[in-house]
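Peer 1: Take this sequence and fold it.
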Amino acid sequence: MKTAKVHFTDSCIELAHGAGGKASRRLIEGLLVPYMMGDKPAELNDAAYIDADGRRLAFTADSFVVNPRVFPGGSIGELAVNGTINDLAMGGARPLALVTTLILEAGLATAELEREVAAIAKAAQRAGVPVVGGDTKVVEHGKADGLFITTAGIGITDPRVSLSAKNVQPGDQVILSGPIGDHGITVLLARGELDLEADLTSDTRPLWPFVSALIEAAAPGLRWLRDPTRGGVATALNELARDAQVAVMLDEEEIPVRPVVRGACEILGLDPLHIANEGQFLAVVSPEYADIALKALRSMPGGEDARRIGEIQAEPKKVVLARSRYGGTRMIDMLIGDPLPRIC
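Peer 2: You can find the predicted model right below:
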């Protein structure tokens, strides 16, 4: 057996390793990939691809541990369905089916379980993606936090697109589907640990209808997609800059952020670019298709706030910069640490 080239040196797992930022990247690339994928070069995406009888399938899995389980605009059950569907959509794949695994803690109220199972069924029906199987395990009281959900999904890729960071080129345009930070700040406020109130709901929703419209309108120019969940827009774009060996220049004034989200972030010392989203996505589109792509998104209910927020540049490589209204620039780093644990 070939020895894995492990270079993960952290002595124990901390919450930051699940935050989607730098620590998560260290864990995945330093420990998980060397054992599971060896030294075979691989692009790490939201979904993996499998060729089957001439069709390219996308396959993904995701786990949900959000706290609290219910929050304005959604719950862990709805999140589990939408999150997995969105991972497939970011691979340009039409979701076909889901399977769901429930980890239950002894003592969980049946009414609470029934509420979340109903939420799963409702979200799957709304998205038009059936739940075709699953598994259930129960652990002792005190060994879990009530309910965790893992979902896996399979989809079929649209042959008109091939989405990869390797396709991204200088001059390409960066499009954002709508306001950022709604989900992360909603869950934070729902915990009731802060003396803050706001009229805000999670943005959780299935993104395939938006991606489908984008493919119909601008498939030849579509380079890359990513939903900025844990780690937010900043982490997703830093991963792109690194994988594509380019710079991302953002126009900070064009990034849509609701006043209530911006206000909460200012009070808490957070950057909206690091806050998790569950119903928005980033698209990199060639310049000649940028206008038509934006028009397609804005024509969809819920896509009216889509914006062109930046451009891909050749230099400096592996960097994300944001330009302010006054012309100055600042460097945007990946998320470091975990200011908002268990957000999804």
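Peer 1: Every contact and neighbour count from this point should use C-alpha atoms.
Peer 2: Noted.
Peer 1: Let's see the helix or strand containing residue 291 as CSV, backbone CA atoms only.
Peer 2: Residue 291 belongs to helix 287-298 when elements are defined using DSSP states H and E. Once side chains and other backbone atoms are set aside, the C-alpha atoms of helix 287-298 remain, and they are given as CSV (Å, rounded to 0.1, in the frame of the first residue of the first chain):
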residue,chain,number,x,y,z
PRO,A,287,-16.9,39.4,-21.0
GLU,A,288,-19.0,38.9,-24.2
TYR,A,289,-21.6,36.9,-22.3
ALA,A,290,-21.7,38.9,-19.0
ASP,A,291,-24.6,41.2,-20.0
ILE,A,292,-26.8,38.4,-21.2
ALA,A,293,-26.0,36.3,-18.2
LEU,A,294,-26.9,39.1,-15.9
LYS,A,295,-30.1,39.7,-17.8
ALA,A,296,-31.1,36.1,-17.5
LEU,A,297,-30.5,36.1,-13.7
ARG,A,298,-32.4,39.3,-13.2
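Peer 1: number of nearby residues for residue 3?
Peer 2: Summarising burial for residue 3: neighbours were counted as other Cα atoms under 10 Å, giving 9.
Peer 1: Equivalent analysis for residue 197, please.
Peer 2: The local packing count at residue 197 equals 12, with neighbours defined by other Cα under 10 Å.
Peer 1: In stretch 277-287, which residues are buried?
Peer 2: Neighbour counts over stretch 277-287 (16 or more other Cα atoms under 10 Å) mark 277, 278, 279, 280, 281, 282, 283, 284, 285, 286, 287 as buried.
Peer 1: Name the nearest residue to the last one, ignoring sequence neighbours.
Peer 2: The one in question is residue 287. Across the structure, with Cα to Cα, 6 or more residues apart in numbering as the measure, the residue nearest residue 287 apart from its sequence neighbours is residue 172 (5.3 Å).
Peer 1: any idea how far that neighbour lies from residue 241?
Peer 2: 12 Å (Cα to Cα, to the nearest Å).
Peer 1: One more: residue 322?
Peer 2: From residue 322 across to residue 241, the span is 13 Å (Cα to Cα).
Peer 1: Those two: which has the busier surroundings?
Peer 2: Neighbours were counted for residue 322 and for residue 241 using other Cα under 10 Å; residue 241 has more, 23 against 19.
Peer 1: Could you find the closest non-adjacent residue to that one?
Peer 2: Per Cα to Cα, 6+ apart, closest to residue 241 is residue 318, 4.5 Å.
Peer 1: Over to residue 123?
Peer 2: Among residues not flanking residue 123 along the chain, residue 78 sits closest, at 5.5 Å (Cα to Cα, 6+ apart).
Peer 1: And the helix or strand where the one you found lies, what does it pack against?
Peer 2: Counting by DSSP H and E, the element that carries residue 78 is helix 76-89. Counting contacts by 3 or more Cα pairs under 8 Å, 6 or more residues apart in numbering; DSSP states H and E, helix 76-89 packs against strand 55-64, strand 93-105, helix 110-127, strand 147-157, helix 208-218.
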